[in-house]
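**Student:** Predicted model follows, preceded by the sequence.
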Amino acid sequence: MKLRPLTRKDSAACHRVFLHAVHEGAKAHYSSEQRAAWAPKTARPHEDWPEMITHGFAIGATRWGRIRGFFAMGTDGFIDLAYVHPSEMGKGTAGKLYDACENEARRLGLSHMETEASHLARRFFEKRGWSVTAQQTVIRNAVAIENFRMEKQLSSS
Ligand SMILES: CC(C)(COP(=O)(O)OP(=O)(O)OC[C@H]1O[C@@H](n2cnc3c(N)ncnc32)[C@H](O)[C@@H]1OP(=O)(O)O)[C@@H](O)C(=O)NCCC(=O)NCCS
């Protein structure tokens, strides 16, 4: 497994990972209606994807040259995207992607990081010293989805 920065050309591959991560990976925690609203099964990524996966610090994990997971973090330390393919879960790949983001946040001199985490991601972030600041319900495509606002103070660790 290798890490490399994402480019706009990775848009379709990241979108496929995103669909698998939500529809298979997050199945135990979100209903099919919620997963469809979170990740509509379109053949092609929305036109925003090239920008979404390349703004700020965006990093992908590859095996045999294929994207198996990716994280994207704004220059303010907000992690917007955190997805690994279901076959990659529980292997430490997301952990390596996360470590790259935290290292970058520290390099930028940020005092804290934030995200809005799914049930799965909440556990993942808590193991890395993050805490929940709010439990919330967001509306995606007219469907209510529960997630957690989380943060980590970097100065304290
Ligand atoms: C959230 C998500 C990215 C986290 O991925 P993950 O599979 O839990 O994370 P990892 O692949 O790093 O696996 C971590 C676990 O694998 C295990 N593991 C197995 N082999 C390992 C290795 N060689 N190195 C490190 N950990 C290893 C460890 O038990 C580790 O547990 P830890 O968290 O205590 O370190 C992933 O579950 C996902 O894509 N979910 C679906 C979509 C989603 O909810 N995304 C978040 C949107 S906010």
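**Tutor:** Here it is on my side, so go on. Numbering: from 1, shown residues only.

**Student:** what does this protein have sitting close to the ligand?
**Tutor:** 21-22, 25-26, 82-84, 89-95, 117-118, 120-121, 124, 127 (C-beta under 6 Å from any ligand atom). Glycine gets a C-beta too; all of them are placed from N, C-alpha and C.

**Student:** Please convert the buried members of the residues you listed into ChimeraX selection syntax.
**Tutor:** Here is the ChimeraX command that selects the buried residues among these (16 or more other C-beta atoms under 10 Å):
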select :21,22,25,26,82,83,84,89,93,94,117,118,120,121,124
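
**Student:** Just give me the neighbour total for residue 47.
**Tutor:** As a burial measure, residue 47 scores 9 neighbours (other C-beta atoms under 10 Å).

**Student:** just checking, it is part of a helix?
**Tutor:** No - assessed with DSSP: H, G, I helix; E, B strand; the rest coil, residue 47 is coil; it does not lie in a helix.

**Student:** circling back to that earlier point, restricted to strands, list the residues of the chain next to the ligand.
**Tutor:** Counting by DSSP state E, those place 82, 83, 84, 117 in strands.
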